[in-house]
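[1] sequence and predicted model, in that order:
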Amino acid sequence: MKERKQSYFKKISSSLPKIIDKKVKEKNFIEISLIKNWKKIIGNNIAEFCWPIKVSFQNINNSNGIIFLKTSRGKSMEIEFKNEEIIEKLNQYFGYKAISKISIVQDFKVENNYKKKEFVKKNKKKIDLKEVNKLKKNSLKNALKRLNKTLFD
């Protein structure tokens, strides 16, 4: 009887804890806590358009850190305006001055969630050229005829 060769395929469940442990070790407690509780800490208004990427500290005490916030396009000025409020909420959550500065990273992906507005709505009715021809001013007649042609042809 032939011996069976060992399969090189492994169950995902056996590999997943190793991968997760490695990623968790890369992040510190503060980063994990921020990501997990972001909406509770900051509030829904701000959390809708920005989220934490990472936190870096200059010293071992995990104080006076810089938080990197990723924001959707065009919202960076709003974060700048609410800078002090965000820092205050973060430090209040941790109970000490963990964060002293915010660095904003803009996400330049095009968002197609807006509807294009029509500036001129097309009307099914054309301008009545018989009425236009009755006008006395030639410049007005020509302007209305060009407008009719532009809008309806």
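    Received the coordinates, thanks.
[2] quick one: list the elements packing against the helix or strand where Asn91 lies.
    In the assignment (DSSP states H and E), Asn91 maps to helix 83-94. Helices and strands touching helix 83-94, as assessed by 3 or more Cβ pairs under 8 Å, 6 or more residues apart in numbering; DSSP states H and E, comprise helix 29-36, helix 38-42, strand 99-107. C-beta: built from backbone N, CA, C; applies to glycine.
[3] where's the first one relative to the chain centroid, distance-wise?
    Helix 29-36 has its C-alpha centroid displaced from the chain centroid by 20 Å (Cα atoms, centre = their mean, to the nearest Å).
[4] before we move on, what about the second one?
    Counting by Cα atoms, centre = their mean, helix 38-42 is centred 16 Å from the centre of its parent chain.
[5] please, where are all the helices along this protein?
    Along the chain, the segments classed as helices by DSSP state H run 12-26, 29-36, 38-42, 44-47, 76-81, 83-94, 129-133, 138-152.
[6] how close does the spatially most central residue of the chain sit to Asn83?
    Nearest to the geometric centre of the chain sits Ser72, at 2.6 Å (Cα atoms, centre = their mean). Counting by Cβ to Cβ, to the nearest Å, the separation of Ser72 from Asn83 is 17 Å.
[7] and Arg146, by the same measure?
    Arg146 sits 52 Å away from Asn83 when distances are taken as Cβ to Cβ.
[8] quick one: which of the two has more around it?
    Neighbour totals were compared for Arg146 and Asn83, and Asn83 leads with 14 against 10 (other Cβ atoms under 10 Å).
[9] my read: that one touches Ile104, true?
    No - with contacts defined as Cβ atoms under 8 Å, Asn83 does not count as touching Ile104, sitting 9.1 Å away.
[10] what's the domain layout of the chain?
    What the record gives for the chain is the domain set 22-107, 115-153, from automatic domain parsing.
[11] pLDDT weak spots in the chain?
    Low-confidence regions of the chain, defined here as pLDDT under 70, cover residues 1-10, 12-28, 109-125, 153.
[12] give the contact list for Ser103.
    66-69 (Cβ atoms under 8 Å, 6 or more residues apart in numbering).
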